[in-house]
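Student: need coordinates for the below:
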Amino acid sequence: MNIFLIVIIALNLIISFKGFNDLSFFRKYEFHVGSIRAGEQIRMFSSGFLHVDIAHLAFNMLTLYLFAPYVISGLGSFTFLMIYAGSLILGNLLTMALHKDDYSYRAVGASGAVIGVVYAAILVQPALEIYFMPGYIFGIIYLLYSIYGMKSKSDNIGHTAHFGGAIGGYLITLSRAPIIISENTSTVIILAIPIVILFIMAKMGKL
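Tutor: This is a model prediction of the structure:
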């Protein structure tokens, strides 16, 4: 297994388990709008390595483990790191943009970074299957579920970050391998649909 993937998974495990057992640590490094606006910018990055519970952590790490190799083999380790880090940050930037006036908003999770990698994997390998369904169908369902999570606000999972992460994975992948646009045009268009839906809903004040 790729050394960069091992390190990322290890960091998620170590930091998340620390958070499970130390609430003050969890609160110090989670995404919290009020604290970030007060200058604690580290939370924009550290929150991506914390998780709500073991199930949340396991789902994200299993998904990353399954689909990172497609990105690494297709685009290389450096681009994989770019996609992971860029999707994490862009996910939290979008979260901040949409929730900047909600000072009590909190969220955690690597989901933004992971969905960025998933989007990249689907673009690189359009025929791959995710949990027994075509990858592009999984990508759309995942993001539509995220819209529901954003609207219901029923958990501490960073659903808004999923969209920012998807955008990050989408744009970074196409910028690093623009040939995908001509070779897999239909996949490129299909994966753009839920992203467009998000921005339409945001413009209409539906989020």
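
Student: which other residues reach the lowest-mean-pLDDT helix or strand in the chain?
Tutor: Lowest on mean pLDDT, DSSP states H and E among the helices and strands of the chain sits helix 135-152, with a mean of 72. Residues outside helix 135-152 that contact it (Cβ atoms under 8 Å, 6 or more residues apart in numbering) are 98, 115, 118-119, 121-122, 125-131, 133, 155, 157, 159-160, 162-163, 166, 187, 190-191, 193-195, 197-198, 201, 206-207. Using the backbone N, CA and C atoms, a C-beta is placed for each residue, glycine as well.

Student: would you mark the buried spots in the helix or strand where residue 83 lies?
Tutor: Following DSSP states H and E, one finds residue 83 within helix 77-99. For helix 77-99, the neighbour count (16 or more other Cβ atoms under 10 Å) marks 79-96, 98-99 as buried.

Student: please apply the same query to stretch 172-185.
Tutor: So, applying 16+ other Cβ under 10 Å, buried residues of stretch 172-185: 172-174, 176-177, 180, 184.

Student: pLDDT weak spots in the protein?
Tutor: Within the chain, the segments meeting pLDDT under 70 span 131, 149-159, 202, 205-207.

Student: excluding chain neighbours, what is closest to residue 122?
Tutor: residue 135 (4.0 Å; Cβ to Cβ, 6 or more residues apart in numbering).

Student: quick one: the one you found and residue 165, what's the gap?
Tutor: Distance, residue 135 to residue 165, by Cβ to Cβ, to the nearest Å: 16 Å.

Student: of the two, which one has the most company?
Tutor: Comparing residue 135 with residue 165 by other Cβ atoms under 10 Å, the one with more neighbours is residue 165, at 35 against 24.
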